[in-house]
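# The following comprises the amino acid sequence and a computationally predicted model.
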Amino acid sequence: MTINKITKRDKVINSASTLFFKKGFSNTSIDDIIKVTGGSKRDIYSEFGNKSGLFSVIIEIYTDRVSSEVQLEKLDENNVELSLKKFGYALVQSYMKPEIIGLYTTIYKEAKLFPDLALEFYQKGPMLGTLKLSEFLQNCMDQGKLKKLPNYKLASFFISMLRDKIHSGVFLN
């Protein structure tokens, strides 16, 4: 890919994100995006397939960003408490970023109309994070560092505790 193409692609993604988060997915058209970015429908359709394909790319970018910031693969079974504190802090910091709030809000509002996008978001974001944390907790239990409990439920509960107040505040303004 040339630098020019990468720049154009990034501009489309950033502009579409802003529009989707501001107006909603269903209220944003490809024409709205083109007004901001220039180019043509052909450019967008050849690069992303359609509006849902563009939103899928946005989901992947933002969920990957949170995953890299949280760094679940760096959790240390030798220091469970510190690892969970670091994980929790990084997750809350990620959740507070405007673009992540925008993504969550957009998905939450559009889930009934676009269940495939909501499922994709869930699988690439919340579910994947919970599964990775669950694996870490299971490893800690296997090593005798944690009491044996249902690891997936434990991971889900831990993440829910972190997310609960933030999401309530965001969704209720």
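Here it is on my side, so go on. Since the structure is predicted, the reported quantities are computational estimates derived from the model, not experimental observations.

# check contacts around the residue nearest the centre of the chain.
What sits nearest the mean C-alpha location of the chain, by C-alpha atoms, centre = their mean, is residue 63, with 3.1 Å. Residue 63 makes contact with 121, 124, 125, 128, according to C-beta atoms under 8 Å, 6 or more residues apart in numbering. Yep, even glycine has a C-beta here, placed from its N, CA and C like the rest.

# run the last query once more with 10 Å
Applying C-beta atoms under 10 Å, 6 or more residues apart in numbering to residue 63 gives the contacts 100, 103, 120, 121, 122, 123, 124, 125, 126, 128, 129.

# in this structure, which ranges drop under the pLDDT threshold?
1-6, 165-173 (pLDDT under 70).

# Where do the helices of it begin and end?
3-23, 30-37, 41-48, 51-70, 80-95, 98-110, 115-124, 126-142, 151-171 (DSSP state H).

# Buried ones in the fifth one, by neighbour count?
Looking back up the chat, that one is helix 80-95. For helix 80-95, a neighbour-count test (16 or more other C-beta atoms under 10 Å) marks 80, 83, 84, 86, 87, 90, 91, 94, 95 as buried.

# the inter-axis angle of that helix versus helix 51-70?
Relative orientation of helix 80-95 versus helix 51-70 (axes from the mean of the first three to the mean of the last three C-alpha atoms, to 10 degrees): 140 degrees.

# what residues does helix 80-95 touch?
For helix 80-95, contacts defined as C-beta under 10 Å, 6+ apart pick out 62, 65-72, 74-77, 79, 100-101, 104, 129, 132-133, 136-137, 139-141, 143, 145-146, 158-159, 161-163, 165-167, 170.
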